[in-house]
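Give me a model of this one.
(4 chains)
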4 protein chains.
Amino acid sequence: MEKEHNLVSGDSLWERFIFRIIYRSDTKLGKLFDVILLSLILLSTIIIMLESVPALGKKFYIYFIISEWIISLFFSAEYVMRIAVVKNKKNYIFSFFGIIDFLALIPFYLSFFFPITKYFLIFRMLRMLRIFRIFNLLDFMNDGFLIVRALKNSSRKIYIFLLFLIIFSVIVGSLMFMVEGGRPGFETIPQSIYWAVVTVTTVGYGDVSPITPTGKFFAVILMLAGYSIIAVPTGIVTAEMRNKRQNKELICERCGNEDIDDDARYCKQCGKKLA
Amino acid sequence: MEKEHNLVSGDSLWERFIFRIIYRSDTKLGKLFDVILLSLILLSTIIIMLESVPALGKKFYIYFIISEWIISLFFSAEYVMRIAVVKNKKNYIFSFFGIIDFLALIPFYLSFFFPITKYFLIFRMLRMLRIFRIFNLLDFMNDGFLIVRALKNSSRKIYIFLLFLIIFSVIVGSLMFMVEGGRPGFETIPQSIYWAVVTVTTVGYGDVSPITPTGKFFAVILMLAGYSIIAVPTGIVTAEMRNKRQNKELICERCGNEDIDDDARYCKQCGKKLA
Amino acid sequence: MEKEHNLVSGDSLWERFIFRIIYRSDTKLGKLFDVILLSLILLSTIIIMLESVPALGKKFYIYFIISEWIISLFFSAEYVMRIAVVKNKKNYIFSFFGIIDFLALIPFYLSFFFPITKYFLIFRMLRMLRIFRIFNLLDFMNDGFLIVRALKNSSRKIYIFLLFLIIFSVIVGSLMFMVEGGRPGFETIPQSIYWAVVTVTTVGYGDVSPITPTGKFFAVILMLAGYSIIAVPTGIVTAEMRNKRQNKELICERCGNEDIDDDARYCKQCGKKLA
Amino acid sequence: MEKEHNLVSGDSLWERFIFRIIYRSDTKLGKLFDVILLSLILLSTIIIMLESVPALGKKFYIYFIISEWIISLFFSAEYVMRIAVVKNKKNYIFSFFGIIDFLALIPFYLSFFFPITKYFLIFRMLRMLRIFRIFNLLDFMNDGFLIVRALKNSSRKIYIFLLFLIIFSVIVGSLMFMVEGGRPGFETIPQSIYWAVVTVTTVGYGDVSPITPTGKFFAVILMLAGYSIIAVPTGIVTAEMRNKRQNKELICERCGNEDIDDDARYCKQCGKKLA
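As a prediction, the model looks like this:
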């Protein structure tokens, strides 16, 4: 963690006070702030959901509007504060969470000038991503970080796998378009590809399913293939998760044992004293 | 295992006799008791199931009632006995299995004062959990314990993963609500989220499925994503299961170090060769 | 492989000749015999399938009957031969494949005395299992054996897992029976349990799916749970498959390295000459 | 990589120039060529998809025809060039990608003599496979190669597993044919087998699902079995992916041993310390 005076914009006491509350959670007020933030994010999400239910949306319309105002004003104030007290303002504004914070606010302000459309919704939903920042502060994300790192390290392999899966689905979908002719659900190639993806990922809605015996025969082959290749991404991620040792420099000089704990003083394999 | 005389409530012979039968399974009678218990639990479960089938519920009504009486009285007697012969009564009553035992009994006694409703059912079903206690006694749970421990150790990672999955589903669900407008199954955001979870977990009922080409396009992306991230929990649990260090008895004779890996041949703290 | 003269019943040349053809595949005739057997098994299976299709079953009735006669007589002859030339006849008759061979034949002979019912079918289908014997002979089953061994070694863990899954499904099914009342597909507890299993295994037919919001909420939780615990059997089998080193005796005396190839003369970790 | 002058057909400058552009991507023009090729492949695929949509197929008919002409002529020119500049022409023509290139072209030329049928489609779709060649050039396939190698190494195990799965499905399907009689979806054995595969692979369309209680009971068992054995292919591939030895250049300087593990520090054959 960097020294605080390099991060806070000014030297005045209140700036450092606000900084600690907003950006840190090592004080009581800081933790309280996090809890309030978390509650408002959840509240905001639930309200957006309930608004979409016609029966509720009309009945509690006024409460939803008021809540939205309060939450948006709170988040706006927080956004302004965050910019005010941080030294490197650009860094924050264009950071991942800075952009999320901004995008989550604009629908509220745009709604003064434009009629509210449902397309604003998704931006307000982005607020949910802020949950991860709070969890980050609460030191809850170490394990999550491991997952993300494993996914990142294996991302190239997963991209290649997905590319293969897509090409496979396109070819199988075209094949089924030929086999099932213009039967319901197989009228066009894109629709047949949709069916192929639904099948190979084992989702299997059943809104489209093969009708002719030949189509069923191909479907059976596709399913068995999908069942076999589901092993691939699992194998990729699992193999990556095992590679969790980060400190690669520790190694026993005598026997080459690399599995050395940080607190080890002797090699557990050959008993040599470690430097 | 603790010394028995610390666990049994009194010193009289019959108390120790009952204790051995109920809490242990190293005697013939103790094993017989377990088998009877197991049979009654299974019988009770099957009766509850059959009762719910209208045709059977009416025809065999009287037999079901009688069986329920016998089983409930037996379990009540057992519950009283358990409390009677154990020394630390509080420990048992508020233990996991103590609470299960109690909850599984009250519906029977409440039914004398209140009309029986189907909401009692679930408590009676909790009896099934008692199967695990019997298996525990029969030394069958070593392997089960390994599974539980692996799940426990990786629970934080799995929670984070589930949190991510839920946020992912909420955002995707909202997106689909925008895309599919008010089409059947996508009338509200919660319903769209329901669809997103059904899809990403590859369950795919098909009671709700995308209709517009754009919706199908997003669904395809969601399915491919779900197919890739299914690897994550598997990777977590598999990686955890490999960490099978379990021998807690290993301890270095010279320096008292207890943190000894299974494959260690020398103490990593003092370099002593381990036996 | 045991010495042949201990296995063959007699010492006459033709007995040893037949034995080699039927029980071995190291001669040209033995291999030809295997290929014929394999073809007849596949032919038999295909015929049984086609017979069940009403249109074909009537049209080619006579061909099916004739084929069935030829195949059954061939298999009968083979069965008699197998018993005739083997020394320890009991061993064969009560072996796994001996019983399969017998069960696959009786429907044919019973059909002379009783009308053929579709319940005979399944016995004739058991012939397919004989494919594994032929593969065994052709030295193709080494890898299959590894799979079977890994499944066998982890079978106790898998049983416990399945037991947990069943109890989990029963409790969740009962819960849903309470929530969804008597709505279609949730009329009785067994039916609700059927739905719970369909959901937790991510099969998701959609013949039964939750209708009420509360039911959908529980279903979402169940799906997320199922998505997480699918990792468990995978973790079990994967962990088991890694344990493929069988010769545990090789170990470097100096550094304790256990990863020593059969052809190694020096430890690859510390360079010590191996004994 | 082989010396270039062994690969190029002639010694003239333009031949070597074309060769570098088409077969290599280490020059600017070579990379541009790859990008153009990739774009045309994608364009071609999208056009084939859109053509199949009746509304679009008619409206933009003329544009599709022109695009197809341009793309086909470009690919034809490329195919001729590839043969012209390469030394060992046979090697290219009968290589995997050579055949793909040829098959992807013939539908265009056959369409002059025969009416275009939808059965030509699949050949044009094969062009997509060419994407992998470009990726290969762009050094993007190292990770993909690892996946393919892991699948290849475990292919025998996977074949055996699939064989087992098919036999299992056939037997279960026949069983369900007996149980569910001639109910919809279970009219014939092949249809019942189709249902069994849909179920055991957890696809679960729901176009066919058990109706009788007995059928549902068997289905539950089948689903639980499928849920357990899905672990097998995952275990196979995961175990294979761990075997990541890939550095084929390691060779012991003293004794010439080439079988050197990644983690080896000493030659296992002669004990020499490796650099």
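
Next, find the distance separating the closest residue to chain C within the stretch 51-200 of chain A from residue B:195.
Residue of the stretch 51-200 of chain A nearest chain C, by C-beta to the nearest C-beta: residue A:53 (9.2 Å). To be clear about C-beta, it is placed using only N, CA and C from the backbone, and glycine gets the same treatment. For residue A:53, the distance to residue B:195 equals 15 Å [C-beta to C-beta, to the nearest Å].

One more: residue A:150?
29 Å.

Who has more neighbours out of the two?
residue B:195 (29 against 24; other C-beta atoms under 10 Å in any protein chain shown).

and that one, which of the three is it?
Here residue B:195 takes the helix state, with states given by DSSP: H, G, I helix; E, B strand; the rest coil.

List the residues that contact it.
Contacts for residue B:195 (C-beta atoms under 8 Å, 6 or more residues apart in numbering or on different chains) come out as B:173, B:176, B:185-186, B:208-209.

so, in contact with chain B or not, stretch A:128-136?
Yes - on the criterion C-beta under 8 Å from any C-beta of the partner chain, stretch A:128-136 is in touch with chain B at A:128-129, A:131, A:135.

now, the most widely separated pair of these?
Farthest apart among those by C-beta to C-beta are A:128 and A:135. That separation is 11.9 Å.

ok, these two, which is more surrounded?
residue A:128 (21 against 16).

how far away is residue A:71 from residue A:61?
Separation of residue A:71 from residue A:61 (C-beta to C-beta): 16 Å.

so who does the spatially most central residue of chain A touch?
Central residue of chain A (C-alpha atoms, centre = their mean): residue A:129, 7.3 Å from the mean position. Residues near residue A:129 by C-beta under 8 Å, 6+ apart: A:97, A:100, B:167.

Report the buried members of those.
For those, a neighbour count by 16 or more other C-beta atoms under 10 Å in any protein chain shown gives the buried set as A:100, B:167.

quick one: which of the contacts of residue A:129 sit in strands?
Within these, no residue falls in strands by DSSP state E.

now the contacts of residue A:129 as a markdown table including distance to chain C and pLDDT?
Formatted as a markdown table, the contacts of residue A:129 follow (distance: C-beta to the nearest C-beta, whole Å; pLDDT from 0 to 100):
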| residue | distance to chain C | pLDDT |
| --- | --- | --- |
| A:97 | 26 | 85 |
| A:100 | 24 | 87 |
| B:167 | 12 | 89 |
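
Filter the contacts of residue A:129 down to just the ones in helices.
Among the contacts of residue A:129, the members found in helices (DSSP state H) are A:97, A:100, B:167.

The contacts of residue B:195: which ones sit near chain C?
Answer for the contacts of residue B:195 near chain C: none qualify (C-beta under 8 Å from any C-beta).

Who wins on neighbours among the residues you listed?
Of the contacts of residue B:195, with other C-beta under 10 Å as the count, residue B:176 tops at 28 neighbours.

Let me see the contact set for that one.
Counted by C-beta under 8 Å, 6+ apart, residue B:176 has contacts B:186, B:192, B:195-196, B:210, B:215, B:218-219.

next one: residue A:180
If you count contacts by C-beta under 8 Å, 6+ apart, residue A:180 has them with A:186, A:192, A:210-212, A:215.

Among these, name the buried ones.
Buried among those (16+ other C-beta under 10 Å): A:186, A:192, A:210, A:215.

could you redo those residues as TSV and give each row secondary structure?
Below are those laid out as TSV (three-state DSSP):
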residue	secondary structure
A:186	coil
A:192	helix
A:210	coil
A:215	helix
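
Can you tell me which of the residues you listed comes closest to chain B?
Distance to chain B across the buried ones among the contacts of residue A:180 (C-beta to the nearest C-beta) is lowest for residue A:192, with 11.4 Å.
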